[in-house]
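Chemist: just coords:
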């Protein structure tokens, strides 16, 4: 039985993860964490999630409970993820990280922690999204510079980073397939008289509103035709299921950085 902790346990994704762990075989919830002054600290995580008592209290101190879990799933914010990664690298706990919004310095820091413990990182845990990225790569290589490429993403109104980590990863996939430099070629904002579109650019459009779980479309616009590759998530449960598959991968893995390519073999 793999003992699992959830960081951000009182949030929307945290509750979905706890429910999924409860319904899984081979996994058991043994800890859950939130920030230090969270109003629900000390509450039973099962009660908090509407599952009934589980005998596991919401805590703010992962270090004191590091011996209670084998793997922690983290869908929080970069600063919190890095603090947790420091603890896990010292104690030998594996991590599954779905946090987005890391800057280059934070990504490098997480990579240093991965030298000491197994850390699985993906901006999107959905199997479908990651399969769509492979289709996007194939399409980009086939169509090349003959089309204009735009990435459109939509999420709920509470999401704090833009564009989404998944959209940025899609941009990286596109740039690699087209031998472009995303740092130079990405366009995140258009307003006013912008002039004709530079054919080498990769455009990003962001939508925030309501309770949209997550939608990503890549538009390949050519002369006389266009191709669209779209993934729509209608439930957070698919992200949770991907995260649980990642838990099984890293639970007994050697220290290192793991991602969806390792999980799906693509």
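Modeler: Right, received. Where do you want to start? From a predicted model like this one, the values you see are computed outputs, not experimental measurements.
Chemist: contacts, neighbours, all on C-alpha from now
Modeler: Will do.
Chemist: Am I right that residue 123 is in a strand?
Modeler: No: secondary structure assignment (DSSP: H, G, I helix; E, B strand; the rest coil) places residue 123 in coil, not in a strand.
Chemist: Which residue is the nearest non-sequential neighbour of residue 223?
Modeler: residue 147 (7.6 Å; Cα to Cα, 6 or more residues apart in numbering).
Chemist: For that neighbour, give its distance to residue 136.
Modeler: Going from residue 147 to residue 136 by Cα to Cα, to the nearest Å gives 13 Å.
Chemist: Would you mind telling me which of these two has the busier surroundings?
Modeler: residue 136 (24 against 18; other Cα atoms under 10 Å).
Chemist: Do I have it right that the more buried one meets residue 219?
Modeler: No: contact criterion Cα atoms under 8 Å: residue 136 and residue 219 do not qualify, at 9.7 Å.
Chemist: Now do the shared contacts for those two.
Modeler: Common neighbours of residue 136 and residue 219, counting by Cα atoms under 8 Å, 6 or more residues apart in numbering, are residue 229.
Chemist: Output the below-cut-off pLDDT ranges for the stretch 1-150 of the chain.
Modeler: Applying pLDDT under 70 to the stretch 1-150 of the chain flags no residue at all.
Chemist: now the helices: where do they sit in it?
Modeler: Using DSSP state H, counting those that start in this stretch, the helices of the stretch 1-150 of the chain run over 12-23, 45-48, 78-91, 104-113, 127-143.
Chemist: The closest residue to residue 49 other than its chain neighbours: neighbour count?
Modeler: Once flanking residues are discounted, residue 49 sits nearest to residue 15: 5.6 Å by Cα to Cα, 6+ apart. Residue 15 sits with 22 neighbouring residues when counted by other Cα under 10 Å.
Chemist: Roughly how far does residue 15 sit from residue 131?
Modeler: From residue 15 over to residue 131 (counting by Cα to Cα), the distance is 26 Å.
Chemist: got it, and residue 188?
Modeler: For residue 188 relative to residue 131 (Cα to Cα), the value is 25 Å.
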